[in-house]
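Undergrad: This is the structure alone, sequence omitted:
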């Protein structure tokens with residue numbers, strides 16, 4: 001008897017429906033075809049034990065299982081449930097009437113219980129797109145799938161519940177959540193706040209500008225000056241995510257298995273902080289079966305690289321293309337996977353190996369030339385993609401002991417959102433540009449026109465401070481953002497002057 005059940009496989013952040021065809025005939029063997037990997041091939045032993053331990057019969061006949069389309073490699077243990085149910089249906093232990101209406105997912109333990117899995121959200125979205133009535137999956141993943149409106153989502157703890165549901169329509173109840181209510185309830189929840197940061201007004205101002213224009217930032221300062229503390233609070237002043245951004249971010253985290261059990265949407269902008277020993281593949285994604293890397297997990301959020309010069313040069317260089325294009329393409333011999341990578345880069349570094357170059361109180365003990373060599377670990381092309389270079393100085397005792405309330409993230413965020421609304425209107429006809437930091441050369445000429453007074457200041461700065469040519473465009477973009485924060489249509493001299501202050505590492509004499 002031939003029976004069809006349906007599972008799903010995830011490639012990149014998109015899912016493909018897999019048809020499980022099970023045929024039982026005379027003989028005694030188990031044949032599994034359709035490019036299964038080792039985990040799929042081992043499903044026979046798990047299924048056999050799960051059925052026996054729950055009082056069902058494993059047919060001692062020739063069982064042929066085909067996973068279509070046969071030219072796509074099937075990986076993982078989540079095909080246990082659709083194969084197991086297919087075998088039971090082909091041996092007339094499960095009714096076949098409802099099989100075509102549901103996607104079945106889940107790894108079977110030997111006692112028949114279902115284990116949680118990765119990549120649920122893309123699968124649920126694909127199931128709805130292809131017109132399936134519902135999806136049956138492990139109970140731990142049910143809230144993640146229930147995000148998809150218009151799809152019946154059933155969470156099961158073991159195979160008995162699935163069989164009872166398919167045979168008698170009992171045992172399982174659909175899970176529903178109000179996606180908009182959940183989204184808006186968690187939209188402004190943050191564990192950290194800029195109110196906790198004492199002093200550092202110039203750094204807070206730099207972060208407000210960075211958040212308003214989507215600019216990348218590098219913080220340069222001695223140990224203990226507060227670089228990491230400030231960076232962790234950046235997501236709290238970024239504009240709230242839209243529902244589409246939240247869904248896209250959740251898809252990436254779902255594929256990587258980073259969505260917490262019982263959680264639904266990812267509503268907070270991600271903040272990723274990889275250690276400086278990270279490999280190229282772990283940062284950008286990859287592997288034999290490509291998985292998203294840290295830059296994709298930081299999509300729509302912040303990627304924080306602490307101790308920037310300590311990262312391997314090859315690791316930093318692989319970020320150059322994703323920073324520019326906002327996605328990363330991972331190619332293998334038989335397929336190509338594309339992951340989104342639209343993140344804000346925030347880097348922190350000491351000014352020298354000992355950490356105290358330019359310190360107001362402590363002396364630097366580094367030998368001549370060491371400071372420049374330390375900074376040279378960061379290549380010019382990567383530095384060219386960082387708009388704001390911010391010098392962080394230690395907080396004085398008076399500032400630490402002063403108990404005047406600091407401005408909170410909520411107030412800063414209001415100004416950031418207002419500036420982003422201006423940019424949204426400015427770039428409404430562009431599909432690629434969403435904020436000032438993403439402006440092309442053509443858009444730069446159109447939206448960043450300056451008068452003779454501004455030109456004179458720029459020329460003087462480049463001559464006297466030894467600013468590099470690459471700093472010119474960055475200064476204009478940052479000046480445009482500063483003008484947006486002040487609700488000014490035109491860029492004036494005060495905007496240009498402030499923007500020039502954020503190009504420390506471009507000064508030829510900075511490290512001397």
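TA: Arrived safely, thanks for sending. Model, not experiment: these values are computed from the prediction.

Undergrad: Mind listing residues that contact stretch 55-66?
TA: Stretch 55-66 has contacts (CB atoms under 8 Å, 6 or more residues apart in numbering) with 20-34, 47-48, 51-52, 83, 86-88, 90-91, 93, 163. Every residue, glycine included, has its C-beta placed from N, CA and C.

Undergrad: redo that, cut-off 7 Å
TA: 20-34, 48, 51-52, 83, 87-88, 91, 93 (CB atoms under 7 Å, 6 or more residues apart in numbering).

Undergrad: Repeat that for stretch 420-429.
TA: 212, 239, 433, 434, 435, 436, 447, 484.

Undergrad: ok, now with 10 Å
TA: When contacts are taken as CB atoms under 10 Å, 6 or more residues apart in numbering, the neighbours of stretch 420-429 outside the stretch itself are 211-214, 238-239, 433-439, 443, 446-447, 480-481, 483-485, 487-489.

Undergrad: List the buried residues of it.
TA: Taking 16 or more other CB atoms under 10 Å as the neighbour-count basis, stretch 420-429 is seen to contain the buried residues 420, 422, 423, 426, 427.

Undergrad: Cross the contacts of stretch 55-66 against helices and list the overlap.
TA: Cross-referencing the contacts of stretch 55-66 with the helices (criterion: DSSP state H) gives 48, 51, 52, 83, 87, 88 as the overlap.

Undergrad: Out of these, which is nearest to residue 181?
TA: Proximity to residue 181 was ranked across the ones in helices among the contacts of stretch 55-66 by CB to CB; first place goes to residue 83, at 37.3 Å.

Undergrad: show me what contacts that closest one?
TA: Residue 83 makes contacts with 5, 7, 20, 22, 32, 36, 40, 43-44, 46-47, 63, 65, 67, 104, 108, as judged by CB under 10 Å, 6+ apart.

Undergrad: and the residue nearest to residue 145 when sequence neighbours are not counted, what element?
TA: Taking CB to CB, 6 or more residues apart in numbering, and ignoring the residues beside it in sequence, residue 145 has residue 124 as its nearest neighbour in space, at 4.1 Å. For residue 124, the element it lies in under DSSP states H and E is helix 120-129.

Undergrad: if we can go back for a sec, pretty sure the residue nearest to residue 145 contacts residue 179?
TA: No - Residue 124 is not in contact with residue 179 according to CB atoms under 10 Å; the separation is 11.9 Å.

Undergrad: list residues touching both of these two?
TA: The overlap between the contact sets of residue 124 and residue 179 (CB under 10 Å, 6+ apart) consists of 146, 147, 148.

Undergrad: I'd like those residues laid out as JSON lines, including pLDDT, distance to residue 354 and neighbour count.
TA: Below are the shared contacts of residue 124 and residue 179 laid out as JSON lines (pLDDT from 0 to 100; distance: CB to CB, whole Å; neighbours: other CB atoms under 10 Å):
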{"residue": "146", "pLDDT": "90", "distance to residue 354": "54", "neighbour count": "24"}
{"residue": "147", "pLDDT": "87", "distance to residue 354": "50", "neighbour count": "24"}
{"residue": "148", "pLDDT": "89", "distance to residue 354": "54", "neighbour count": "20"}
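
Undergrad: if we take those residues, which one ends up nearest to residue 413?
TA: In terms of CB to CB, no member of these lies closer to residue 413 than residue 147, at 25.1 Å.

Undergrad: Tell me the buried residues within the contacts of stretch 420-429.
TA: Members of the contacts of stretch 420-429 that pass the buried threshold by neighbour count (16+ other CB under 10 Å) are listed as 211-214, 238-239, 433-439, 443, 447, 480-481, 483-485.

Undergrad: Grab the most central residue of this structure for me.
TA: Relative to the mean C-alpha position of the chain, the nearest C-alpha, by CA atoms, centre = their mean, is the one of residue 297, at 2.5 Å.
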